[in-house]
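Participant: Provided below for reference: sequence and predicted model.
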2 protein chains.
Amino acid sequence: MSDAVSPLAPKSYPDVPALGGVRFATASAGIKYKGRTDVLLMVLDEGTEVAGVFTKSRCPSAPVDWCRANLALGKARALMVNSGNANAFTGKKGREAVELSADIVAGAIGCRREEIYLASTGVIGEPLPAEKFAGVIDDLAARVSGEPWSEAAKAIMTTDTFPKVATRTVDLGGRKATINGIAKGAGMIAPDMATMLSFIFTDAAISAPVLQAMLSDRVEGSFNAITVDSDTSTSDTVLLFATGKAGGERISAADDPRLAAFKDALGELMRELAHWIVKDGEGARKFVEITVTGAESDASAKRIALSIANSPLVKTAIAGEDANWGRIVMAVGKAGEPADRDSLAIWFGDTRVAVDGERDPDYSEDAASAVMKQDEIPVRVDLGLGAGTATVWTCDLTKEYVAINGDYRS
Amino acid sequence: MSDAVSPLAPKSYPDVPALGGVRFATASAGIKYKGRTDVLLMVLDEGTEVAGVFTKSRCPSAPVDWCRANLALGKARALMVNSGNANAFTGKKGREAVELSADIVAGAIGCRREEIYLASTGVIGEPLPAEKFAGVIDDLAARVSGEPWSEAAKAIMTTDTFPKVATRTVDLGGRKATINGIAKGAGMIAPDMATMLSFIFTDAAISAPVLQAMLSDRVEGSFNAITVDSDTSTSDTVLLFATGKAGGERISAADDPRLAAFKDALGELMRELAHWIVKDGEGARKFVEITVTGAESDASAKRIALSIANSPLVKTAIAGEDANWGRIVMAVGKAGEPADRDSLAIWFGDTRVAVDGERDPDYSEDAASAVMKQDEIPVRVDLGLGAGTATVWTCDLTKEYVAINGDYRS
């Protein structure tokens, strides 16, 4: 496992402000990692509402089952996340570990266990020693504070090489509202969802059903439009909490016009976090944006875009800075979606490399190769069939990906 | 690009006998590779019947279009294969190159162009300079002979590290019939079909429709049950030719009881060639057999088996000799097929590592790790739901795969 930080890491981190109603602390519980924080406790003021989306895996982790069940209540008082052990495929022991964890946190905070949200990330199949939390949660609850958010992001990292935080401030009905988000994820990243955890908090006063609608609408174009390796985790979780501490009337209709700026900002923040996950893709050296236009439908465009984004041959070519557009053709062809070879066109950046089912008559290897040397590579495919479009993001496939995943049980 | 031969290569090659009605020769036409043969001409005696299966890619190569169209006639007099250029995504030029190639061969042999079968493998998108064949085909046609088959297999290699040949001899209605096959393929290998070419020849007298039925029935359990990297080529082709030179009555009913041994031998030969392709998977160090039992249907079992076989995280763990069965759980979960986490059981070899949705109570890391050190690794997953079963074969994902595909435009 390499200690190097991804070359696509941010050059600087945003100044994430404290957010009313949210306090947190981190600790080292020694679940798996030594010498780094592995437990995050986020305490939420009374009145906090919550929404969530989860992995579509048929083998979800015990914490995913737990959170899903509690969402019906829509109320949250705390979030506890541990890294190093996913508490997935742990059977009855996993359910017991979740209940014990929730009881420990609920006891420390003074609330119902159904108001505790839990997430775990790390190795699958190892029983989670939840009793270890008993020793640290009271201490954590006693020293929570509103900053710094980067510490919260660090405590949930596994093979991540940098913490992922984002923030937005918007006008909401004449008041200032803040949205802060953290995320983790580096491998096992694919739609729908991934070993990806993201927790988003706002001080706006918004009802749980509206939070849920806004979150669900924006997942398709953010967290569900990224892929590192086509593998989908048992633990994927995105939660959106609203504390209401910004004041003002609680918004309880999804089409409330006051939400316009908030919705845009939420979508941007989710996309930003999703992009950071790809930029920290295991072994990643290149960030690749794949846009498909001219498909028969948006859904068809997305399936073709993902076929390209998940192709090992496309991803290794990009790692080699090779403008090997033939592999793009291959990946379009294998997607199983409507496509007409003889109307296909392909661009790397602004350089069209193929048109009308063959190499562009003005093809320039030099121009295409220059694009491939960039850190961020836009690829566009036009199918020439209809109006369907989609954009997805991925990274290249490097020897480091193999080293990280072959030499280390993550 | 490594020059090393796969560690999974055969220790010795079979003695492939000459086969009545089939003669061949190879040459270096200089299409792309220097210093190795890149054109194979196989001349078939009059009366030869033919069947074929092809890539399901929506962007098939020009030779695939050509062969598909000619199969209606069911007669073959020659097969020409070139390596180094796939003549795929070459538009009108590609169709012209195919016609020119067929005319050159038909002229040299003295037959109709519709009796010429063509296959090309190599780089996509480069126009194929078919005029180069004019200089070599007459010479090839003049010096065809019945041996050695390994030379035929060598001429169709691209990134393959060893030639792939197989042979069987069977009783067919009291007469001896021989089946010889060659194949190529190392990367871009996935169902349905792959950059995989296989050409199978028999001296039995069997009608084209019966050949087609036998071939189609056996593709699902052989060439369509292997995957190296989930990528599917534009050029996949399997052709089965029958010269009739073994004599005897021509068989024209697919359920003719005299075909029993022939069908078994054909299925075995196809599976053997398919396995050699996986064992020559780019960068492969391990051959992995994945069996799924207890699924709701055979089709569901196969989709789950392929989800495991195509998972980069499973394949890198196998490369690292890591008995990381949590990644098997992940791959089952993401397949989108019916699965019940709490009834799942997983074996590496004979070592059960998980049962009833959690780690086996008798789990032995040592026993599991011992299996992972083998060259050939059997993985079995029982879903506990129904009677559906499937077996697929794959290889591990190594740094060499990335090097081969990132450093070289294949």
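Facilitator: Structure's in. What do you need? No experiment lies behind these values; they were computed from the predicted model shown. Residues are numbered from 1 along each chain as shown, chains lettered A, B, ... in the order given.

Participant: now A:A18: how far from A:K93?
Facilitator: 38 Å (C-beta to C-beta, to the nearest Å). All C-beta atoms are positioned from the backbone trio N, CA, C, and that covers glycine.

Participant: Check A:D45 too.
Facilitator: A:D45 is 33 Å from A:K93, by C-beta to C-beta.

Participant: Same check on A:I104?
Facilitator: From A:I104 to A:K93 the distance is 16 Å (C-beta to C-beta).

Participant: More neighbours: the two, which one.
Facilitator: Applying other C-beta atoms under 10 Å in any protein chain shown to A:I104 and A:K93 shows that A:I104 carries more neighbours, namely 23 against 17.

Participant: List the residues that contact that one.
Facilitator: A:I104 makes contact with A:130, A:133-134, A:137, according to C-beta atoms under 8 Å, 6 or more residues apart in numbering or on different chains.

Participant: Indicate the residue of the stretch 251-400 of chain A located nearest to chain B.
Facilitator: Per C-beta to the nearest C-beta, A:G326 is where the stretch 251-400 of chain A lies closest to chain B, at 2.7 Å.

Participant: One more: the stretch 101-250 of chain A?
Facilitator: In the stretch 101-250 of chain A, no residue comes nearer to chain B than A:I124, which is 2.7 Å away by C-beta to the nearest C-beta.

Participant: before we move on, back to that, setting aside sequence neighbours, what's the nearest residue to the residue of the stretch 251-400 of chain A closest to chain B?
Facilitator: Spatial nearest neighbour of A:G326, excluding adjacent residues (C-beta to C-beta, 6 or more residues apart in numbering or on different chains): B:I124 at 2.7 Å.

Participant: That neighbour: what's it in contact with?
Facilitator: A:326-327, A:329-330, B:61, B:86, B:88-89, B:234.

Participant: Tell me where the stretch 201-350 of chain A is predicted with low confidence.
Facilitator: A:228-233 (pLDDT under 70).

Participant: Could I get the full set of helices for it?
Facilitator: A:208-219, A:260-279, A:298-309, A:312-319, A:325-334 (DSSP state H, counting those that start in this stretch).

Participant: Surely A:V170 and A:A246 touch.
Facilitator: No. Assessed by C-beta atoms under 8 Å, A:V170 is found out of contact with A:A246, at 10.2 Å.

Participant: Chain B contacts on the stretch 251-400 of chain A?
Facilitator: A:310-313, A:316-317, A:319-320, A:322, A:324-327, A:329-342, A:344, A:354, A:356-359, A:397-399 (C-beta under 8 Å from any C-beta of the partner chain).

Participant: how about the closest residue in space to A:P148 that isn't next to it in sequence, secondary structure?
Facilitator: The shortest distance from A:P148 to any non-neighbouring residue, by C-beta to C-beta, 6+ apart, is to A:V16 (7.3 Å). Recorded secondary structure, A:V16: coil (DSSP: H, G, I helix; E, B strand; the rest coil).

Participant: A:V16 is in contact with A:S150, isn't it?
Facilitator: Yes. Contact criterion C-beta under 8 Å: A:V16 and A:S150 qualify, at 7.3 Å.

Participant: my read is A:S83 is in a strand, agree?
Facilitator: Yes. According to three-state DSSP, A:S83 belongs to a strand.

Participant: neighbours around the closest residue to it other than its chain neighbours, how many?
Facilitator: Of all residues not flanking A:S83 in the chain, A:D38 sits nearest, at 4.8 Å (C-beta to C-beta, 6+ apart). Close neighbours of A:D38, defined as other C-beta under 10 Å, add up to 27.
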